[in-house]
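**Q** Pasted the sequence and its predicted model underneath.
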Amino acid sequence: MRHLTALLLPCAMLVAQQGTSAPSSFQPLWNGVDLAGWHGQRHFDPYKLAAMSPEERSKLRAEDDATVAQHWSVQNGELVNDGQGAYLTTDKDYGDAEYSLDYKTVALADSGIYLRGSPQVQIWDTTEAGGKWNLGADKGSGGLWNNEKHERFPPKLADKAFGEWNHLEIRQIGSLTWVKLNGQVAVDGVVMENYWNRKLPLPRTGPLQLQTHGGEIRFRNLMVREIGGEEANQLLAAHAAKGFESVFDGKSFAGWLGDTDSYEVKDGAVQCKAGKGGNVFTEKTYRDFSVRLQFKLPPGGNNGLAIRYPGEGDPAYASFELQVLDDSAPQYKTLKEYQYHGSVYGLVASHRGYQRPVGEWNFEEVTVRGSHFLVMLNGTPIVDADTKGLESHLKGHQGKDRTEGHFGFCGHQDPVAFRGMQIKVLDAVK
């Protein structure tokens, strides 16, 4: 995910500086006149905020809005903060989106852009005199400074001198973040960690916040473009695509084995026939690999991904099965945690709430290295776990330690569809 690509941002992201018109696909995030559509919110845990009573939340909002009135102002089409007060926060929550904005700051100031209410794309004084080289300020603004596990810093310093305007372009799809600062790549499809609870992925939606402290900062030309599911899938498929090879020709079951009579090729996708089951799987076997695909669920849809399947038996027991399931279906509300979508069935539960609405295509990437499973659903890591030594909840799960086998689909009588299947062979873990 960390390799730089030429596909970071589409031409539409290259929003012109002040004095020229922005692309029509972007919408103003700020009206340039007053603070309508924004409110104050201090650095505050959103999970604690959600747990408050309406009265407690209202009181906190009133306090934060009061500090915004004191410390934020509008001057000549610029948002100005004096380095104090609550952060300016959009009333609206955003999911997958692109943002474009300009900022100008002063010595010793420290700031950032909170995405989905979580810190942050870093903005700071990058000079030695700023006193934060020990924290990485010498590496430049634009990075995901609050990351611990994933990449934090930009590859090169791209900040302009104090008094000059800097231009930020940000794309967020799922938990993956792309950033350009003054035309230079600062972040290239890196997982942004959930600062508030690192055991959970970044929330699916949340507000954009303008963090400020330590000195004056000015913002202008704030724009946003929301990204739909189909476009998000295309962008995810294009990112870091080197090494992936198609395992489905979109027309036939060439290169596939198993119960192909229970499936059909329809509109370039493999679809399980309603009322049919059975397993279909690749002729080739794989040890360590990544697989990318898109799937579409009908209401209540149920299927599975067979991982390292031996070619016979129930994949859930003879190898590994990753659930493909409509988590929103009422009939599944009492399942075990390890039975929901993306789970390594019987072994590891997934994080839920990251599927697109039923009937839309989802993008999923599964990486298996040794006994470690990483499942990325629509750009969000819903499983990141090692299965070695785990006790299966399934009796007779003899395949839970398999190291090689076929990749395939596990039918469960529902017309679940798959398309765009690509596999990248990885060097085996030693």
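**A** Received it, and whenever you're ready, just let me know what you need. These numbers were taken from a predicted model, which means no experiment stands behind them.
**Q** Dihedrals phi and psi, residue 54?
**A** The phi/psi pair for residue 54 (degrees, to the nearest 10) reads phi -60, psi -30.
**Q** Quick one: neighbours of it, just the number.
**A** Neighbourhood size, residue 54 [other CB atoms under 10 Å]: 7. C-beta coordinates here come from the backbone N, C-alpha and C atoms, glycine included.
**Q** same check, this time on the one 5 residues further on
**A** For residue 59, the count of nearby residues is 12 (other CB under 10 Å).
**Q** Please apply the same query to residue 143.
**A** For residue 143, using other CB under 10 Å, the count is 25.
**Q** and it, what is it in contact with?
**A** Residues near residue 143 by CB atoms under 8 Å, 6 or more residues apart in numbering: 121-122, 136, 151-154, 179, 186-187.
**Q** tell me the two of those that are most distant?
**A** 136 and 179 (15.2 Å; CB to CB).
**Q** Can I take it that residue 99 is in a strand?
**A** Yes. Assessed with DSSP: H, G, I helix; E, B strand; the rest coil, residue 99 lies in a strand.
**Q** now it: how far from residue 222?
**A** Noted for residue 99: a distance of 8 Å to residue 222, by CB to CB, to the nearest Å.
**Q** joint contacts of the two?
**A** What both residue 99 and residue 222 touch, as defined by CB under 8 Å, 6+ apart, is the set residue 29.
**Q** if we can go back for a sec, of the contacts of residue 143, closest to residue 198?
**A** Nearest member of those to residue 198, counting by CB to CB, is residue 152, at 13.7 Å.
**Q** so who does that closest one touch?
**A** So residue 152 contacts 136, 143-146 (CB under 8 Å, 6+ apart).
**Q** In the stretch 251-400 of the chain, mark out all the helices, start to finish.
**A** With DSSP state H, counting those that start in this stretch as the criterion, the stretch 251-400 of the chain has helices at 315-318.
**Q** Then the stretch 101-250 of the chain?
**A** 229-238.
**Q** where exactly do the strands run in it?
**A** 110-115, 118-124, 166-173, 176-181, 184-191, 209-213, 217-226, 245-246 (DSSP state E, counting those that start in this stretch).
**Q** gap between stretch 366-383 and the chain center?
**A** Counting by CA atoms, centre = their mean, to the nearest Å, stretch 366-383 is centred 12 Å from the centre of its parent chain.
**Q** For residue 404, see how far away residue 385 is.
**A** Distance from residue 385 to residue 404, by CB to CB: 20 Å.
**Q** Compare these two and say which one has the larger neighbour count.
**A** Legend: neighbour count by other CB under 10 Å for residue 385 and residue 404, higher for residue 385 (17 against 14).
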